[in-house]
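Colleague: Structure of the sequence below:
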Amino acid sequence: MNITITSLSVQHQRSGFTCGEESLEIYLQRYAKQDAKRRISRVFVASPVESPEQVVGYYTLSAYSFSPDAMPEERRRRLPGYPVPAVMLGRLAIDQGCQRAGLGRILVADALQRVKQASEVVAVYALAVDALHKEAAAYYQQFGFIAFKDQPLKLFLPL
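Modeller: Just a heads-up that it's a prediction; the model follows:
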């Protein structure tokens, strides 16, 4: 399937999106547009090229910072003693009909590319995620994300 990844817009049909995780479905259907409008988060959706109104996956990005004290010791040695800037990959979801087809990997790569572009204008040390459960944390770890010291479901990927 050829896909495009764009900012959420009125053309996207959000009501038919089902990923198997109710909180992620509700967010897309009820709150994503509001959050984007209020500049709380940016919402990016994946759509098939041949059906651009259909949402087959999405992720969100927002500003974030964290204390270096939360990081494993070997990672914080060269960092300041105050919060470092990051971007939070707040939500990532794939429609059930497209799961296990590599779309999640494509969305993570797209998010990372957008964050790296933003880091040319605004300082960003890492991309962070707050995984919903252990399986999600393991998924992010395969991309090189590292768990925070005392929070195994919160991870970061230094740029």
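Colleague: and stretch 151-159, C-alpha only, in CSV?
Modeller: These are the backbone C-alpha positions of stretch 151-159, laid out as CSV (Å, rounded to 0.1, in the frame of the first residue of the first chain):
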residue,chain,number,x,y,z
GLN,A,151,10.0,4.6,34.5
PRO,A,152,10.2,1.6,32.2
LEU,A,153,7.2,2.8,30.1
LYS,A,154,8.7,6.2,29.5
LEU,A,155,11.5,6.1,26.9
PHE,A,156,13.7,8.5,24.9
LEU,A,157,15.8,8.4,21.7
PRO,A,158,18.6,10.9,21.7
LEU,A,159,18.9,12.7,18.3
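Colleague: from the middle of its chain, how far away would that stretch be?
Modeller: Distance of stretch 151-159 from its chain centroid, counting by Cα atoms, centre = their mean, to the nearest Å, is 12 Å.
Colleague: Okay, buried residues for it please.
Modeller: Using 16 or more other Cβ atoms under 10 Å as the test for burial, stretch 151-159 gives 154-157. For the C-beta atoms, the positions are set from N, CA and C on the backbone; glycine is no exception.
Colleague: In helices, which of the residues you listed appear?
Modeller: With helices defined by DSSP state H, no entry of those lies inside them.
Colleague: Closest one of these to A109?
Modeller: Nearest to A109 among the buried residues of stretch 151-159 is L157, at 11.6 Å by Cβ to Cβ.
Colleague: Now do stretch 116-130: distance from first to last residue.
Modeller: Chord length of stretch 116-130, first to last residue, is 19 Å (Cα to Cα, to the nearest Å).
Colleague: What are the contacting residues of it?
Modeller: 64, 66, 79, 84-90, 92, 111-112, 115, 140, 145, 153-159 (Cβ atoms under 8 Å, 6 or more residues apart in numbering).
Colleague: residue contacts, E25?
Modeller: Residues in contact with E25, defined by Cβ under 8 Å, 6+ apart, are 17-19, 93.
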